[in-house]
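Enquirer: return a 3D structure for these sequence lines:
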Amino acid sequence: MELDHQYLQAGDVTLHLVCAGEGPLVVLCHGYPGLWYSWRHQIPVLAAAGYRVVAMDMRGYGRSSRPTGREHYSLDRTSADVLAVFDHFDAEQAVLFGHDFGANLAWYVAVHHPQRLRGVGSLCVPYDMALAGGADIRPSQLYAQVASEHFFHMHYYQREGVPEESCRGREREFLAKLFWALCADGDLLGWEAFPPDAHYVDVLAAPPSEPPWPWLSREDFEFYLAEYLCAGPELAFAGGINAYRAMDLNWELGREQAHAPVEVPALYVGGAEDPVVKLGDPGEFAHMRRLVKDLRCEKLLPGAGHFIQQESPEALNRLLLDFLENL
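Expert: From the prediction side, this is the model:
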């Protein structure tokens, strides 16, 4: 299927969009480490089913602008990017699917702009998850509590300049280690053996081999690496790093509507072996069920880690299509 690459000026940033199909609008938002390319198995399937599919390079990633400073990555700004995409395609309403940081963004739009959504889907991050900003203390305080015992990446990323410098010249190593640690066969949570002041790139275990892996070809990996590096090594991981640093800003933005119900039709899908899922408390799923009033799908895919779009594409595509068809 031919993909249409477009560039949209949205306020102070330029957004790279990858589009396919015609019909009701479905927008796909990735997280970290991700790109529009993380949805490569979903785009043609959703387009063939009769939807206009738009996968975004989120600000800070790929061919989109990469502003510096955490304030540029707060949820009010990233949600404005999403709404600019809706407007660009003349869509009063759309369906929004998000993964990882994109999932947190999708939930934010569902609470703050519900009139713009026909439905919302979160991959991997339950609604109002404590580590994603749902606790009643500042995220940075929560992260510091965890890091008092051992290394914790969410605390590590609060350190200005340190994560950026630690990966300089080691981008290939870091990206390969991070992809492996987050997949079903990896061991992200092995960081408990490392002190709080360790560097993330040193904490992560080396994969047993370079790609190809069952879910990631050598060509896929090289594409990711080239896209992360296309704006220069100093900005390679700007999107992910600043998304972590913006967590306190997002918490402040959401205080007035903390623990607000989600009224729009919703879907949640995670990987049963996803370390992000395992970091949460099991009670967070019950919490999500209480607050998400029209949760039409809640599923953990067996054998899948964090990258469910790529590790279990057929199973995920069936769930997404079923959700869309029943809106």
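
Enquirer: now the helices for the stretch 101-250 of the chain?
Expert: With DSSP state H, counting those that start in this stretch as the criterion, the stretch 101-250 of the chain has helices at 101-112, 139-147, 153-156, 162-166, 171-182, 200-203, 218-229, 238-245, 247-253.

Enquirer: could you pull up the residues touching Lys293?
Expert: For Lys293, the contacting residues are 261-263, by CB atoms under 8 Å, 6 or more residues apart in numbering. Every residue, glycine included, has its C-beta placed from N, CA and C.

Enquirer: now do 6 Å
Expert: Counting by CB atoms under 6 Å, 6 or more residues apart in numbering, Lys293 touches 261, 263.

Enquirer: returning to that earlier point: out of the helices of the stretch 101-250 of the chain, nearest to Ala130?
Expert: Smallest distance to Ala130 across those (CB to CB): 6.9 Å, for helix 139-147.

Enquirer: ok, and what's touching that closest one?
Expert: Under CB under 6 Å, 6+ apart, the answer for helix 139-147 is 133, 135, 152, 154-155, 158, 196, 247-248, 251.

Enquirer: buried stuff in it?
Expert: 139-140, 142-143, 146-147 (16 or more other CB atoms under 10 Å).

Enquirer: next one: stretch 317-327
Expert: 317, 319-321, 323-324.

Enquirer: same check, this time on stretch 266-282
Expert: Applying a neighbour-count criterion of 16+ other CB under 10 Å, one finds 266-277, 279-280 buried in stretch 266-282.

Enquirer: likewise for stretch 198-215?
Expert: Residues of stretch 198-215 classed as buried by neighbour count (16+ other CB under 10 Å): 199-201, 203-204, 207, 211, 213, 215.

Enquirer: also stretch 225-242?
Expert: Here stretch 225-242 shows 225, 227-228, 231, 235-242 as buried, counting by 16+ other CB under 10 Å.

Enquirer: as CSV, the residues you listed with pLDDT and distance to Gln309 would be great.
Expert: Below are the buried residues of stretch 225-242 laid out as CSV (pLDDT from 0 to 100; distance: CB to CB, whole Å):
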residue, pLDDT, distance to Gln309
Leu225, 98, 18
Glu227, 98, 16
Tyr228, 98, 18
Ala231, 96, 24
Leu235, 96, 24
Ala236, 97, 22
Phe237, 97, 20
Ala238, 96, 22
Gly239, 97, 17
Gly240, 97, 17
Ile241, 97, 22
Asn242, 97, 23
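
Enquirer: so which of these is the closest to Asp87?
Expert: Gly239 (22.4 Å).

Enquirer: measure the closest one to Gly232 for me?
Expert: To Gly232, Gly239 is 14 Å away according to CB to CB, to the nearest Å.

Enquirer: quick check: Glu311 touching Pro302?
Expert: No - counting by CB atoms under 6 Å, Glu311 does not reach Pro302; the two are 10.8 Å apart.

Enquirer: quick one, which of the two is more surrounded?
Expert: The neighbour count for Glu311 versus Pro302, taken as other CB atoms under 10 Å, is higher for Glu311 (25 against 11).

Enquirer: how close does that one get to Leu28?
Expert: Between Glu311 and Leu28 the distance is 16 Å, computed by CB to CB.

Enquirer: run me through the strand neighbours of the helix or strand containing Lys299, direction for each.
Expert: Lys299 is part of strand 295-301 when elements are defined by DSSP states H and E. Applying DSSP bridges, strand 295-301 is found paired with strand 266-271 (parallel).

Enquirer: return the distance of the strand it pairs with from the chain's centre.
Expert: Computed by CA atoms, centre = their mean, to the nearest Å, the separation of strand 266-271 from the middle of its chain amounts to 13 Å.

Enquirer: next SSE downstream of it?
Expert: Following strand 266-271 in sequence order, the next helix or strand is helix 275-279 (DSSP H and E).

Enquirer: hang on, the earlier thing: how about the buried residues of stretch 317-327 in TSV, adding pLDDT and distance to Asp185?
Expert: What follows is the buried residues of stretch 317-327, written out as TSV (pLDDT from 0 to 100; distance: CB to CB, whole Å):
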residue	pLDDT	distance to Asp185
Asn317	98	22
Leu319	98	23
Leu320	98	24
Leu321	98	27
Phe323	98	28
Leu324	98	31
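
Enquirer: okay, and which of these map to helices?
Expert: Among these, DSSP state H puts 317, 319-321, 323-324 in helices.

Enquirer: quick check, nearest of those residues to Glu92?
Expert: Relative to Glu92, and with distances defined as CB to CB, the nearest of these is Leu324, at 17.2 Å.

Enquirer: how near is the closest one to Glu234?
Expert: Counting by CB to CB - Leu324 and Glu234 are separated by 40 Å.

Enquirer: just the buried ones from the contacts of helix 139-147?
Expert: Using 16+ other CB under 10 Å as the burial test, these include 133, 152, 154-155, 158, 247-248, 251 as buried.

Enquirer: count the residues that sit near Cys19.
Expert: Cys19: 20 surrounding residues under other CB under 10 Å.
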